[in-house]
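Q: How does the following fold in three dimensions:
(chains A, B, C and D, ligands or ions: 6)
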Amino acid sequence: MGIQSDTPRLLTDKDFASDQDVRWCPGCGDYAILKAVQRTLPQIGATPDTTVFVSGIGCSSRFPYYMATYGFHTIHGRAPAVATGLKITNPDLDVWVVTGDGDGLSIGGNHMLHALRRNIDLNILLFNNEIYGLTKGQYSPTSPCGTRSPSSPGGSVDAPLMPCVFALGAGARFVARGGDTLLKQLPEVLKRAHAHKGASFVEILQNCVIYNPGAFDAVTDKKTAPDSVLFVEHGKPMLFGRDGRKGLVRSPDGFGLAVATVGENGVTEADVLVHDETNRLLGMALAALRPPLFPMVMGVIHCAPGDSFETACRAPEVPAGGDAAADIMALLHAGDTWTVP
Amino acid sequence: MGIQSDTPRLLTDKDFASDQDVRWCPGCGDYAILKAVQRTLPQIGATPDTTVFVSGIGCSSRFPYYMATYGFHTIHGRAPAVATGLKITNPDLDVWVVTGDGDGLSIGGNHMLHALRRNIDLNILLFNNEIYGLTKGQYSPTSPCGTRSPSSPGGSVDAPLMPCVFALGAGARFVARGGDTLLKQLPEVLKRAHAHKGASFVEILQNCVIYNPGAFDAVTDKKTAPDSVLFVEHGKPMLFGRDGRKGLVRSPDGFGLAVATVGENGVTEADVLVHDETNRLLGMALAALRPPLFPMVMGVIHCAPGDSFETACRAPEVPAGGDAAADIMALLHAGDTWTVP
Amino acid sequence: MTAPTPPVTAPAPAAVQALAGRRAAAGRVSLTPEVDFVRIRFAGDSGDGIQLTGTRMAASSAQFGNDFATFPDYPAEIRAPVGTTYGVSAYSINIGQTEILTAGDSPDVLVALNPAALKVNLADVRDGGLVVVDEGTFTDRDLKKAGYDGNPLEDGSLGRHRVLRLDISALTLAAVKDFGLGQKDGLRCKNMWTLGLVLWMFGRGTEAVEAWLGRKFKDTVRDSNLAALKAGHAYGETMELSGDVRRFDIPAAQVAPGTYRTVTGAETLSWGLWAGARLAGLPLFLGSYPITPASSMLHTLARMKDRGVTTFQAEDEIAAICAAIGASYGGALGVTTSSGPGVALKTEAIGLAIATELPLVIVDVQRGGPSTGLPTKTEQADLLQAVYGRNGDAQIPVIAAATPGDCFHCAIEAVRLAIRHMTPVMLLSDGYIANAAEPWRLPAMESLTPFPTTFRTEPQGFHPFLRDADTLARPWVKPGTPGLAHRIGGIEKDYDSGNISYSPANHQRMTDARMGKLTAIARDLAPLTVDQGERSGEVAVVGWGSTYGAIRVAVGRARAAGKAVSHIHLRHLWPLPPDLGDLLAGFRHVVVPELNTGQLATLLRSELLRDVRSHTKVQGQPFKVAEIAAVLASLTE
Amino acid sequence: MTAPTPPVTAPAPAAVQALAGRRAAAGRVSLTPEVDFVRIRFAGDSGDGIQLTGTRMAASSAQFGNDFATFPDYPAEIRAPVGTTYGVSAYSINIGQTEILTAGDSPDVLVALNPAALKVNLADVRDGGLVVVDEGTFTDRDLKKAGYDGNPLEDGSLGRHRVLRLDISALTLAAVKDFGLGQKDGLRCKNMWTLGLVLWMFGRGTEAVEAWLGRKFKDTVRDSNLAALKAGHAYGETMELSGDVRRFDIPAAQVAPGTYRTVTGAETLSWGLWAGARLAGLPLFLGSYPITPASSMLHTLARMKDRGVTTFQAEDEIAAICAAIGASYGGALGVTTSSGPGVALKTEAIGLAIATELPLVIVDVQRGGPSTGLPTKTEQADLLQAVYGRNGDAQIPVIAAATPGDCFHCAIEAVRLAIRHMTPVMLLSDGYIANAAEPWRLPAMESLTPFPTTFRTEPQGFHPFLRDADTLARPWVKPGTPGLAHRIGGIEKDYDSGNISYSPANHQRMTDARMGKLTAIARDLAPLTVDQGERSGEVAVVGWGSTYGAIRVAVGRARAAGKAVSHIHLRHLWPLPPDLGDLLAGFRHVVVPELNTGQLATLLRSELLRDVRSHTKVQGQPFKVAEIAAVLASLTE
Ligand SMILES: Cc1ncc(C[n+]2csc(CCOP(=O)(O)OP(=O)(O)O)c2C)c(N)n1
Ligand SMILES: Cc1ncc(C[n+]2csc(CCOP(=O)(O)OP(=O)(O)O)c2C)c(N)n1
Ligand code: SF4
Ligand code: SF4
Ligand SMILES: [Mg+2]
Ligand SMILES: [Mg+2]
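A: Ligands and ions are numbered 1, 2, ... in the order given. Next up, the predicted model:
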């Protein structure tokens, strides 16, 4: 059954690319993410036949069509729910959810919330371009205040959601952030997300060249990035900046974080906080930082594994060979019955 | 128009009680909350005619029927959305949302999320009894793991949501916690919620005597409360315990909070943190604490006012007296037109 | 949108069984109250344990060998304030030696445990019926709460009935005084005292209830209830009850041989879904969100985890159906259960299951609408939503269960259709059959024929939308199957390759294929049977769903009176059976009784272009036999 | 569920206007291509600016005085990869001296700016039609991307057409070479070069486009585009074009006097909603969530904040409608706009608006279904969802707009009904009329009659569900009104007091009252008019929505050929006009053309018990005139 090759060969990104033409706008950040995923999967031992990509609706949600894995392009906002049913039914599959800031946080916010709360073993990739791409550029729940768009010609007036803060508030046990063009870091984040058993939430900053170009320039531009991005790693001091001398320290007044420069004002390397990815509160603090006053934190912000939902929810398998009719009769007879001769 | 009395008299709780029989189970915590609300409203200058209670579906959501104010008992989970449309249309009204842990956090989680994010001026009271009351006792998204209920006969397996943590993750600018039987504190919390312009989120711990009795005994029982409850007040040290000597301090190792006893291990009152309700991160830390290791924090956990949504969203009023037909013709002519004689 | 009407060719599919044959005591028409049957209604405060009294009475009658039907009717509030009319809970039970299909229009006996219960139920009691009241509760305070100005026991309001006044409260307290219970706890045994008395009236012993109490409770609770039960029974036996109190003698019914049990529709529907999945060789996955009156199915299935049932309480109805779709995509049988407002929320997702052609069973346990409506009351007003309520040309088969027992078979049929044609199926139940109890003859093991599912595993020539020529089903592939990785979605796809396609001609072809599944299903339906009566005549009564019992009794009586009336009860509502038009052509009148404003009538009119007489009632209550009888009488004078 | 059919009594309500009268050039039938009208289709890559070219051509034609109709057809992807067939964007425009109602079945001229555009569109071009190609793009690479094996320009594939090969790419680059643009930016001016050439073909100058460019752009962008436009025009004038290229002479149409503008249905529907609210004296509140093809209404209304329009982009469709309900509760006119999948999500909340009897307008801009379906294509398949798609007996009026101009009037009518009867109203548009442009004669100011809203302010005798005897509307009260505080909700309520009620008889009474609103609306409808033809005859074509143009042209031609065919176009789809049955009784055949599988036909069959010939097409495309003409021919031979 099935086509099986005798000598297993090492898979490459090509094995994960489907035969469909990729239909995003030229220059869209989604291309880079697609490449990163296709390159990472072989490295973590995934196979196309045991991997499923489930998505909602949006430019980002077209993702499954371009993967040579199993794929389900569902309806707007519902991918986490569909993926939940799939994962419970078939826990051996690697299930990835691909969604956008509109799909996953606007219409789909509730399913995202509960998938994270339940800690079901899904790898959730949220492509955050801070705009509705597919429907031609309306502002999204992550668009900064004042975003001018067809549906907010005078500038949007709603405060944006911070995806990673939201995820931590929902109880997520794995929260990370990557960027479409951060070709070195993104695969590492994806690997960690995959390795984490339970719901893994990855926000990927993604450039929509048509409707919101350059939203993350400060973070992805090679020139500005060093001073505006902090890559965190568990157990490592949280240092950044062109010369690596800026660091996160405990806020001197009050409860929180501050940026200090090692060597200035008596600050030493020992004052710089060491990243502890198991500390949820620290994660919340890090997730909320934003340039220009603070760096944008990238990498694994929080990881504290717990029981994953599907195992506990799933009923034990009933031996397939059993006599169905006899089983049914047994159920019907279990209880108060009487017989009329 | 309308019945107007010449000499305005002071209103009392009776003026806020409708003529309908209250139909909750005898002993239900909802009664105490109803009383607290009816008593508080006159004190903050509210009038029945300018106050609206909007609710979803659930035992808690029957609330509006018992108030002599305007009231809208909508559909399951949607009260924040209905209230949003109402408040934008009629910003002068005091709009209260009453919801339950199922109504507001299960089916209605997304609307709650976005009402909080937008910071629309609603006073949201979430009656958290950690159970679905009206539908006869299924576990809810706030039920602790292992809750046995008709829909989880083997014990629930989903990790619960912490309502106040969720609210802060959503970007809420006012987050508080009260309890049904805390007759002294609850009105104060309600007053603060009302005074805050923007979305005010109040979690009210509520006892469902039928399906989840005693869920909050540790917190509401006069015997255990002193050691398990911390009432926070802005600018005051966070002390609690029977003798008021326990306090929250900075966690000595790592980033976070710890409980210490003043006078033990060299801890002095100066080490005890002072509550700063404007500090969101501190709020997140406080909201997540739970007995037995930590106290349950009650009172205003976070309050940091910002622009409220309805004012910015709302279109300027068009003078009612204007000539509608002429206005319409003006719109139709604004653009490229041509005339055929 | 015309339903496909191909020629009837195929053989009777599995799980089709004439409805009447399934019933106990089928065939003997119930005619004379208090001889053929007695209808008794227990009513009291919702704290009085009325529902429990009723179910025990039903169980005792079952064991005695009567046929019976029940109708529990409880308030929407969990615990409404004591003594109010909206806090009244009632349980009607009709006990017979003949075939019993409804709880009966007008009770022969009303037991009212407080003034409010009397107030709400008195009007229904038949003239000359017996009213038993707990006069201990007829205090000024409780009379006022019930909205009485005076005391109906004193002011002649009960003139048209026989009245038995007992201070049941005091008698109960006396019976349990040795257990040291407070007044409140002692009065909780009132229902058992009452049950004891009623059992005596029917000449039944208390053993069955005693055994049950012994199994369910222990210590003081058990013992005090036992004492009350026995005291009530003894009271009947030893006291000199006034001549007004006749005892009833309802011999055992002549029922078809077999093993029986008492079931509600919520149970049988749950078991049927599981049985269907077992027969198909699939694990069952239920995605659900609690809602009255569908929650009891979630509860029943949640208790079946050890039988391989996975239940998932989702955050809302949309997540519930989407998870079920995900489960079906993963190779399980995905099921979702809800009631009207919840099914409304699933509308968009049903479209996804249609577009991706995945099997799925959607159960709608209908309740009073629109909107929140009357959550605890019954109605049949979701039929048109089931048939037409989706964007796009998006049809799915719709099936309705007629009785609690029928739920089992309908559920299997729904599962079978869903898998055979790779389509969502809507299965309609309602608050009445979900809650009502009836004795059910268990099906014979031989009737449970497996229909094993074939998953596609062969990569050669595979594409995800290749169709079976007969059923138009596409192949079902479990993700994880080597060599078959593919992508599906809700966008239109190419008929030949399954890739996204915007081609005009292809969209037509795919639309035709989707609609063609309905044609295929209609083609396979067994020829219609007539439940009662000839295949032609004066009047055909066409019913569906839970009105079965009332229609059957009314038609049975009309036939007993010599009228040429027949009863056709539809299980398959969409597509309609292709031979329905021809069958109805043999009747002068077609009457369609429904608990809505005429929804099946709408379908029949558009599909058959046949005028029908729509007889409707939208009151949150089942039909009374008399209501249908009146229509029949007007047409057959 | 039978639609109420009371006697026709009431006078014509506001905003009812014969459809034909609204059109420019009404009455003169278009018969001869290239004499009465010319159909031209611009096609190219989605990056080629095709939609802009089309709209400018439309604007020029409008200013010249032609009648015209357009059909924009663009890909589902934002920017599909360059050169692929699924990235092809097209804009069809039909320009006439006679009444023009459709963009035309088969273009007389196709302008193909790349091989893919040729590939996708060639089959539609009429035999002998002119094909203009940019041969500069017919490179091996682009031919391959388009899926061509050889070069169609060389291999005789274009034998049935006249072909004009021009290297438009090179000509454009030459025209703009002085601006120092790169190759890519230079080629962006191709569309203006092409427009210049086409304007020349029609004997039109470039002034109007020049003025527009001057208004919209500045600096190099403006100047380079101007240069390209003029160069294209000059090319036509000065080059020796082969004899194959005739110039077209389409004189101005004889149109009704008045002020005109070019509009799309998205604009007119938005304006109409606002106009309705203004005439009612209410602020307009739009709750919406973006979805193709409804988003353009959100965009249009978002730009009207200074006119008192509040737009709220909600988190999803459910929040959108719920906010609109909240706004209506607060005394504004609540409106929500979406397309099929989004309307499906609103199902439950529509029930709430029905139960609480609040005014609300729900706009469904239909697209291809089921599920995600064909988001950018048109369809009429949400009609049954609109009429029947809710739990419970929950009917609401349904109205459909026929043309972009009609959208304005239908929107006012929807607002009027919603307020007059305190009910949600469903207003159907579709992707075709939302996007298509047509010249629209502005209504006369006198026709805009205010219908001011009366809010209840009098506490005396108030209860929230008191009804107006005629309209069955309950009083509308703004929260904040002194002395009128009250509670409403989705649970059933007492007819007399408005308090929660579970009483059986009351539920029937309330159900009857809710359904009675439909009866009241039907009673008030103006007598039906026939769009074209007599009130009896051989064939009645009954249409609804955007098929208006194609039906009108086909019927006009049939009538010109002497056939006894009439066209009836329904605006009110639910309740159906009470005189429809009688009107149709005068025809031997009733033909119902629809872009679905027969949904109006289903309604007509069940409501009128009249057999109709359902003519359907589900291809995501409007009807071709020829398709309808063929049915008519078959029935009138
Ligand atoms: C029920 C429903 N509502 C609305 C839409 C329209 N829609 C499609 S994608 C989308 C938003 C996409 O935004 P995002 O998730 O951020 O994805 P992006 O395109 O930016 O990658 C919307 C509103 C839809 N397809 N279905
Ligand atoms: C759409 C819909 N789904 C489900 C229900 C059933 N339902 C009513 S209330 C409720 C949950 C109530 O729980 P909660 O909000 O915690 O309120 P409580 O009764 O505990 O106060 C549910 C599931 C409904 N009425 N409507
Ligand atoms: S619209 Fe934006 S997000 Fe969508 S494909 Fe284009 S660039 Fe990417
Ligand atoms: S069920 Fe629980 S929450 Fe509901 S009224 Fe009773 S005690 Fe209160
Ligand atoms: Mg986006
Ligand atoms: Mg609750």
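Q: Show me where the stretch 251-400 of chain C has its strands.
A: C:258-264, C:284-288, C:309-313, C:333-338, C:360-366, C:398-400 (DSSP state E, counting those that start in this stretch).
Q: ok, and the spatially most central residue of chain A, which helix or strand is that part of?
A: In chain A, the centroid-proximal residue (CA atoms, centre = their mean) is A:Val202; its distance is 2.4 Å. A:Val202 is located in strand A:200-205, with elements delineated by DSSP states H and E.
Q: What is the next helix-or-strand element following that strand packed up against?
A: Using DSSP H and E, the helix or strand that follows strand A:200-205 in sequence is helix A:217-220. Secondary-structure packing of helix A:217-220 (3 or more CB pairs under 8 Å, 6 or more residues apart in numbering or on different chains; DSSP states H and E): helix A:225-228, strand A:296-303. Yep, even glycine has a C-beta here, placed from its N, CA and C like the rest.
Q: Flag every buried residue along helix A:217-220.
A: For helix A:217-220, the neighbour count (16 or more other CB atoms under 10 Å in any protein chain shown) marks A:Ala218, A:Val219, A:Thr220 as buried.
Q: one step back: can I get the helices and strands packed on helix A:217-220 in a markdown table with mean neighbour count and mean pLDDT?
A: Output for those, formatted as a markdown table (neighbours: other CB atoms under 10 Å in any protein chain shown; pLDDT from 0 to 100):
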| stretch | mean neighbour count | mean pLDDT |
| --- | --- | --- |
| helix A:225-228 | 18 | 92 |
| strand A:296-303 | 24 | 98 |
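Q: Look up the pLDDT of the residue of the stretch 1-150 of chain A found nearest ligand 2 for me, please.
A: Proximity of the stretch 1-150 of chain A to ligand 2 (CB to the nearest ligand atom) peaks at A:Asn110, 13.0 Å away. For A:Asn110, the pLDDT comes out at 98.
Q: three-state assignment of C:Val555?
A: The three-state label given to C:Val555 by DSSP: H, G, I helix; E, B strand; the rest coil is helix.
Q: who's in contact with stretch A:191-202?
A: A:40, A:43-44, A:46, A:94, A:115-116, A:118-126, A:163-164, A:167, A:172-178, A:189-190, A:300, A:303, A:305-309 (CB atoms under 8 Å, 6 or more residues apart in numbering or on different chains).
Q: Which residue ranges of the stretch 151-300 of chain A form strands?
A: Applying DSSP E, counting those that start in this stretch to the stretch 151-300 of chain A gives strands spanning A:174-179, A:200-205, A:229-232, A:239-240, A:246-250, A:257-261, A:296-303.
Q: okay, how far is it across stretch C:588-599, tip to tip?
A: The straight-line separation of the ends of stretch C:588-599 (CA to CA, to the nearest Å) is 21 Å.
Q: list the buried ones in it?
A: Residues of stretch C:588-599 classed as buried by neighbour count (16+ other CB under 10 Å): C:His589, C:Val590, C:Val591, C:Val592, C:Pro593, C:Glu594, C:Leu595, C:Asn596, C:Thr597, C:Gly598, C:Gln599.
Q: Torsion angles phi and psi at the fifth one?
A: So the one you mean is C:Pro593. Main-chain torsions, C:Pro593, degrees, to the nearest 10: phi -80, psi 130.
Q: now swap in the third one and tell me
A: Taking degrees, to the nearest 10, you get phi -110, psi 130 for the backbone angles of C:Val591.
Q: how about it, what does it touch?
A: Neighbouring residues of C:Val591 by CB under 8 Å, 6+ apart: C:Val539, C:Ala540, C:Val541, C:Val542, C:Val612, C:Arg613, C:His615, C:Val631, C:Leu632, C:Leu635.
Q: Report the two of the residues you listed separated the most.
A: C:Val612 and C:Leu632 (14.4 Å; CB to CB).
Q: tally of neighbours for the closest residue to C:Gly340 other than its chain neighbours?
A: Nearest non-adjacent residue to C:Gly340, counting by CB to CB, 6 or more residues apart in numbering or on different chains: D:Asn391, 3.0 Å away. For D:Asn391, the neighbour count with other CB atoms under 10 Å in any protein chain shown is 32.
Q: C:Ala386 is in contact with D:Asn391, correct?
A: No - counting by CB atoms under 8 Å, D:Asn391 stays clear of C:Ala386, with 9.3 Å between them.
Q: quick one: is stretch C:467-480 near chain D?
A: No - using CB under 8 Å from any CB of the partner chain, stretch C:467-480 never reaches chain D; the gap is at least 15.0 Å.
Q: can you pull the buried residues of that stretch?
A: For stretch C:467-480, by 16+ other CB under 10 Å, it's C:Arg467, C:Thr471, C:Leu472, C:Ala473, C:Arg474, C:Pro475, C:Trp476, C:Val477, C:Lys478, C:Pro479, C:Gly480.
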